[in-house]
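Colleague: Fold the following.
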Amino acid sequence: MKHMYTKSKDNIFILFVYISVTIAVFACLYPFIYVFSMSISAPSEVNAGRVWLFPRGFSLFSYQVVLATTEIWLAYWNTILYSVVGTLITLLFTVIAAYPLTRKDFSLRKVYLVLLMIPMFISGGLIPSFILISSLGMYNTMWAIVVPGAVATWNVILVKTFMQYNVPDSILESARMDGANDVLILFKMVVPLMTPILAVIALYSMVGFWNSYLSILIYLRDTSKHTIQIFLMNVLLKDSEIMLSRLSARSRTTSDTFNSLPNIQLKYAFVIFVSLPIIFSYPFLQKFFIKGVIVGSLKD
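Modeller: This next block holds a predicted model:
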């Protein structure tokens, strides 16, 4: 009888968990589904306010306007350039910073770790960072975006922990006996064994650079170097009516057709178009992401 009572309580708890997860999933998915439905619904249905969850009617005209806008492609190119270059730099310097922490014969390992942890809790602030970047000649260049955040303490700790648990010391010792130096060991033997954690760091970095906003406004004066997030901000918030009218004039669409397109529908089309690359990248990196986070989060 007691066993049945315990089993009944477990079933109630499991049911509660499933209901809670379902509500949470719906709360997360609803905004995206709503925005996507608004972007592909018929303009008349959007104007009438009849779109609540699923599309009503069908129209891709808002995406035709998006694809015909030349400014968005320049912003896309800048975003891809900063994201790819910044991610590669982050991976390189993170691996280089983490490798000495795994070397037991490195006498300054504890001092190095303490110095690495200080920026994790204490920041220099915006003004000193701006002065430093300007003094180094990186202001209004791509390097002002991709270099300052190249080494993050948390990423270094993840990579260092992953190395310790997944790279056998016997392999490294054998390589040293064969005459390999640390550079050769790191890039020829250690890095190929670190695909899961490197995929996690790459995903973190790519999303961070893709969503970068404040640093672009601060360090890039030239608007031709701005990214997709700045372009999206201009469409959504800053003089959106003027911006949309200018986009329609520069696109290959007729003004009569554009005038029938609700501004809110065009805004949502821009939101979806900007978000798609990051959304599509998750399924390809999911298995590496889960394994890398689990293993990399273990501590001695």
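Colleague: Only C-alpha atoms from now on, for both contacts and neighbour counts.
Modeller: OK.
Colleague: Walk me through the domains of this protein.
Modeller: Domain ranges of the chain: 1-59, 61-300, per automatic domain parsing.
Colleague: Reformat the ones you listed as TSV; add mean neighbour count and mean pLDDT.
Modeller: Formatted as TSV, the domains of the chain follow (neighbours: other CA atoms under 10 Å; pLDDT from 0 to 100):
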stretch	mean neighbour count	mean pLDDT
domain 1-59	14	82
domain 61-300	16	79
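Colleague: nearest residue to Trp154 other than its sequence neighbours?
Modeller: Leaving aside its chain neighbours, Trp154 sits nearest to Met120 (7.8 Å; criterion: CA to CA, 6 or more residues apart in numbering).
Colleague: contacting residues around that neighbour?
Modeller: By CA atoms under 8 Å, 6 or more residues apart in numbering, Met120 lies in contact with 152-154.
Colleague: Which of these fall within helices?
Modeller: Residues from the contacts of Met120 lying in helices, with DSSP state H as the criterion: 153-154.
Colleague: What helices and strands are in contact with the helix or strand in which Ile201 is found?
Modeller: Using DSSP states H and E, the secondary-structure element containing Ile201 is helix 195-210. The elements that helix 195-210 packs onto, with contact taken as 3 or more CA pairs under 8 Å, 6 or more residues apart in numbering; DSSP states H and E, are helix 70-98, helix 153-166, helix 263-296.
Colleague: Swap in 10 Å and give it another go.
Modeller: Secondary-structure packing of helix 195-210 (3 or more CA pairs under 10 Å, 6 or more residues apart in numbering; DSSP states H and E): helix 70-98, helix 143-146, helix 153-166, helix 263-296.
Colleague: Any idea which of those helices gets closest to Val183?
Modeller: helix 70-98 (9.2 Å; CA to CA).
Colleague: Just the CA atoms of whichever helix or strand comes after that closest one, as PDB, please.
Modeller: Note on helix 70-98: by DSSP H and E, the next helix or strand toward the C-terminus is helix 109-121. As requested, the backbone C-alpha atoms of helix 109-121 are provided in PDB (Å, rounded to 0.1, in the frame of the first residue of the first chain):
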ATOM      1  CA  ARG A 109      50.500  28.000 -12.800                       C
ATOM      2  CA  LYS A 110      48.800  29.200  -9.700                       C
ATOM      3  CA  VAL A 111      49.900  32.800 -10.100                       C
ATOM      4  CA  TYR A 112      48.900  32.700 -13.800                       C
ATOM      5  CA  LEU A 113      45.400  31.400 -12.700                       C
ATOM      6  CA  VAL A 114      45.000  34.100 -10.200                       C
ATOM      7  CA  LEU A 115      45.900  36.800 -12.700                       C
ATOM      8  CA  LEU A 116      43.500  35.200 -15.200                       C
ATOM      9  CA  MET A 117      40.700  35.300 -12.600                       C
ATOM     10  CA  ILE A 118      41.000  38.900 -11.700                       C
ATOM     11  CA  PRO A 119      39.300  40.300 -14.800                       C
ATOM     12  CA  MET A 120      36.400  37.900 -14.200                       C
ATOM     13  CA  PHE A 121      35.400  39.900 -11.100                       C
END
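Colleague: Okay, angle between helix 109-121 and helix 153-166 too, please.
Modeller: Interaxial angle, helix 109-121 versus helix 153-166 (axes from the mean of the first three to the mean of the last three CA atoms, to 10 degrees): 140 degrees.
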